[in-house]
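**Q** no sequence on this one, just coordinates:
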């Protein structure tokens, strides 16, 4: 502990713009994204063409939509292992409710929204009530949802996938919202890219410019300190889980309306993808630090690596290796950033 | 000795009268009384396990007392949460829990009471005001930060305590409860913190200073309450007691004499 007289402060706190930039949570991921981009631009034909980029952006957006709330949750100090299968659950609920009631698909979409938000609320509520680690609670929800997805689908439709709802009322308008294709300058872009960018902007706004954002950082960075100054810690955490559920609903509706039927076994393993995207994007796994934009860059790295390997005509088995290496590098960088931020002098 | 040391006729900001607290079969506090007046510092001294933490938790609204009365400005209360105590003007600054280290200084300063501007969905933090106010309030306490955007974890322990105290003062606390503010600090930083405690007192706040260091207590205190194993073993105003006597009582008083006799006896 260094004795620090107030008069010595200027000396300690002088920061150059470069140093300030180094303190941004996204920095590591942006450098990583540039490196991955250059790498595939050099080795893979067609990667930098507009059609190639549109494919990459689509792949990134399907991960990115979920990586945004998962990153917020991680900044708030918690995990959600049920995020991947919750997307499938949400799609299944829409599909089955619409089909069984032979109602307008928007009824199913609406019921699905309420049911999915309830799932998120359940995760958050059990966490705040029991005080158990979120790893265990959401692992439980993950397993239960996996079982329910398969069980209910088989029970109702007799197979592992739902029946097509493509001929039902409201399908085309719902498809326009969740799974349409926009053509800009002769290139096709999936609408999920807009959902993704919208969510990133919304999450950044919440995180940096609202009271709730301040609470999210505080809950993840020092729960007891936050409680002591009157931050509603439990409400904040429940809100974060409900946010994950909201994004799971959006991603789930995309899943349903782009294929008109849903495979009930989908989504397992995706939860880790979202967490990895958030971590590569600079979120501290222990909470209190990170950004929504970082999670978007993390998702972009995912999309580029995934599609870049295809464009380079490599065996896609290499994808996992790249991902692992990226994750390790990102975590090392984060650890270094944290040490800097927490150093007392 | 358990009576409040002096009855001045003024209504104390905070008054505990014969307060007891049990946790199951464990007696944590038994018949403890103290009063805190505006512009005065009441020091609570005691060794580990004396009941200091329990006392602070009752005043902060984290725990409720079992028997006795707890008055804030003459009104009997049993606060149900730290928020309720806070709303009544009692702000507590904990030694380890004062701040969130990874958050910028200005976000920490306003945590839990963030000012906002705009309306509807565009209601947002008034970041400019938050930054300016943080800088100005810290400057007023003599901490000159060039950059209120740095994580508060980069400040020294003493400065972090001072930010927490400045925050409580800014938000209109009438009573400041400080839990061992100097325990983890070096000599020089302790001095800095005590200076701010005195500044808060001079600004008209009532201060409860929890400490096990009689030297620190005597530097700034007006009243001294000594606790031992949950009971009051002494309650004095500054005029009634010297530092030596305070230190002696704190160190165990007559027990210490016995120990000295014993040790001297063995030495012979």
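**A** Done, it's in. Nothing here was measured: the structure is a model prediction, and the numbers come from that model.

**Q** Residue B:172 is in contact with residue B:90, isn't it?
**A** No: assessed by C-beta atoms under 8 Å, residue B:172 is found out of contact with residue B:90, at 11.3 Å. (C-beta placed from N, C-alpha, C; glycine too.)

**Q** So which of these two has more stuff around it?
**A** Shown here are residue B:172 and residue B:90; by other C-beta atoms under 10 Å in any protein chain shown, residue B:90 has more neighbours (26 against 10).

**Q** Now do the more buried one against residue A:229, distance only.
**A** 13 Å (C-beta to C-beta, to the nearest Å).

**Q** List the contacts of residue A:125.
**A** Contact partners of residue A:125, counting by C-beta atoms under 8 Å, 6 or more residues apart in numbering or on different chains, are residue A:238.

**Q** Tell me which helix or strand it sits in.
**A** helix A:105-130 (DSSP states H and E).

**Q** Just the helices from the stretch 1-150 of chain A, written as ranges.
**A** Using DSSP state H, counting those that start in this stretch, the helices of the stretch 1-150 of chain A run over A:9-13, A:17-22, A:27-43, A:50-75, A:83-101, A:105-130, A:134-157.

**Q** Switch those over to a markdown table; also include mean pLDDT.
**A** Formatted as a markdown table, the helices of the stretch 1-150 of chain A follow (pLDDT from 0 to 100):
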| stretch | mean pLDDT |
| --- | --- |
| helix A:9-13 | 44 |
| helix A:17-22 | 63 |
| helix A:27-43 | 85 |
| helix A:50-75 | 94 |
| helix A:83-101 | 94 |
| helix A:105-130 | 96 |
| helix A:134-157 | 94 |
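
**Q** TSV for those helices, including distance to residue A:292?
**A** Output for the helices of the stretch 1-150 of chain A, formatted as TSV (distance: least, C-beta to C-beta, whole Å):
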stretch	distance to residue A:292
helix A:9-13	27
helix A:17-22	18
helix A:27-43	12
helix A:50-75	5
helix A:83-101	15
helix A:105-130	18
helix A:134-157	20
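
**Q** Name the stretch from those that approaches residue B:42 most closely.
**A** Residue B:42 lies closest to helix A:9-13 among those, at 31.5 Å (C-beta to C-beta).

**Q** Name the residue closest to the centre of the chain, please.
**A** With no chain named, the answer covers chain A. The C-alpha lying nearest the average C-alpha coordinate of chain A belongs to residue A:67 (C-alpha atoms, centre = their mean; 1.3 Å).

**Q** my question was about chain B
**A** Centre-nearest of chain B using C-alpha atoms, centre = their mean is residue B:178, 1.9 Å out.

**Q** is it in a bridge, and if so with what?
**A** Following DSSP bridges, residue B:178 is listed with bridge partners residue B:93, residue B:209.

**Q** residue contacts, it?
**A** Taking C-beta under 8 Å, 6+ apart as the test, what residue B:178 contacts is B:92, B:93, B:165, B:197, B:207, B:208, B:209, B:210.

**Q** Would you agree residue B:162 is in contact with residue B:140?
**A** No: using C-beta under 8 Å, residue B:162 makes no contact with residue B:140, being 10.9 Å away.

**Q** Relative to the whole chain's centre, how far out is the strand or helix carrying residue B:135?
**A** In this assignment (DSSP H and E), residue B:135 forms part of helix B:127-140. Offset of helix B:127-140 from its chain centre (C-alpha atoms, centre = their mean, to the nearest Å): 24 Å.

**Q** just the angle between whichever helix or strand comes after it and helix B:127-140, please?
**A** For helix B:127-140, the following helix or strand on the C-terminal side (DSSP H and E) is helix B:157-170. Inter-element angle recorded for helix B:157-170 and helix B:127-140: 110 degrees (by axes from the mean of the first three to the mean of the last three C-alpha atoms, to 10 degrees).

**Q** quick one: helix B:157-170 to chain centroid distance?
**A** 12 Å.

**Q** Report the rounded mean pLDDT for stretch A:168-187.
**A** Averaging pLDDT along stretch A:168-187 gives 90.

**Q** got it, and stretch B:57-76?
**A** 87.

**Q** what's the straight distance from one end of that stretch to the other?
**A** Using C-alpha to C-alpha, to the nearest Å, the end-to-end distance of stretch B:57-76 comes to 17 Å.
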